[in-house]
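Undergrad: Next input, structure requested:
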Amino acid sequence: KQVRQGADAMPKHQLLTQIESQLGSQWKELLHSFDDVPFAAASIGQVHRATVSNGDTTKRVVMKVQYPGVADSIESDLNNLSMLVTMTGLAPPGLFIEEVIRVGRNE
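TA: Have a look, this model is predicted:
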């Protein structure tokens with residue numbers, strides 16, 4: 001199964017495992033509805049429609065679900081970038097690579 005941009009969609013069991021790993025086993029109680037068929041995808045994850053309720057109000061939202069292993073891959077890339085820049089001195093004067101890497105990890 002493919003989503004709009006042509007990326008393969010995660011199998012449903014994998015999708016649910018990913019969501020549960022981030023939001024806990026009671027994640028469905030946080031939502032009024034959730035569409036398990038993604039409407040978009042990118043290199044690091046896919047996007048699903050959902051609604052949340054707060055009393056009388058229901059709001060449409062989107063949930064971006066990261067593909068398994070992406071966080072580890074990004075962490076590895078950031079570590080390699082830090083090592084490369086530090087060892088080669090490629091960073092321009094005044095650039096604090098540790099701060100750049102910290103921001104990258106938070107994003």
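
Undergrad: so which helix or strand takes in Leu16?
TA: Leu16 belongs to helix 12-23 when assigned by DSSP states H and E.

Undergrad: List the buried residues for the helix or strand hosting Val85?
TA: Here Val85, judged by DSSP H and E, is contained in helix 70-88. By neighbour count with 16 or more other C-beta atoms under 10 Å, helix 70-88 contains the buried residues Ser82. Heads up, the C-betas are built off the backbone N, CA and C, glycines and all.

Undergrad: Hey, what's the angle from it to helix 12-23? Just curious.
TA: 60 degrees (axes from the mean of the first three to the mean of the last three C-alpha atoms, to 10 degrees).

Undergrad: Would you mind checking the average pLDDT for stretch 24-44?
TA: Averaged across stretch 24-44, pLDDT comes to 90.

Undergrad: Restrict stretch 91-103 to CA atoms and write it as PDB.
TA: Written as PDB, here are the backbone C-alpha positions of stretch 91-103 (Å, rounded to 0.1, in the frame of the first residue of the first chain):
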ATOM      1  CA  ALA A  91      33.200  24.600  11.400                       C
ATOM      2  CA  PRO A  92      33.500  28.300  10.800                       C
ATOM      3  CA  PRO A  93      34.800  30.500  13.600                       C
ATOM      4  CA  GLY A  94      32.100  31.200  16.100                       C
ATOM      5  CA  LEU A  95      30.000  28.100  15.300                       C
ATOM      6  CA  PHE A  96      29.400  26.000  18.300                       C
ATOM      7  CA  ILE A  97      28.900  22.600  16.800                       C
ATOM      8  CA  GLU A  98      27.700  21.100  20.100                       C
ATOM      9  CA  GLU A  99      24.900  23.600  20.200                       C
ATOM     10  CA  VAL A 100      24.000  22.900  16.600                       C
ATOM     11  CA  ILE A 101      23.900  19.100  17.400                       C
ATOM     12  CA  ARG A 102      21.800  19.700  20.500                       C
ATOM     13  CA  VAL A 103      19.200  21.700  18.500                       C
END
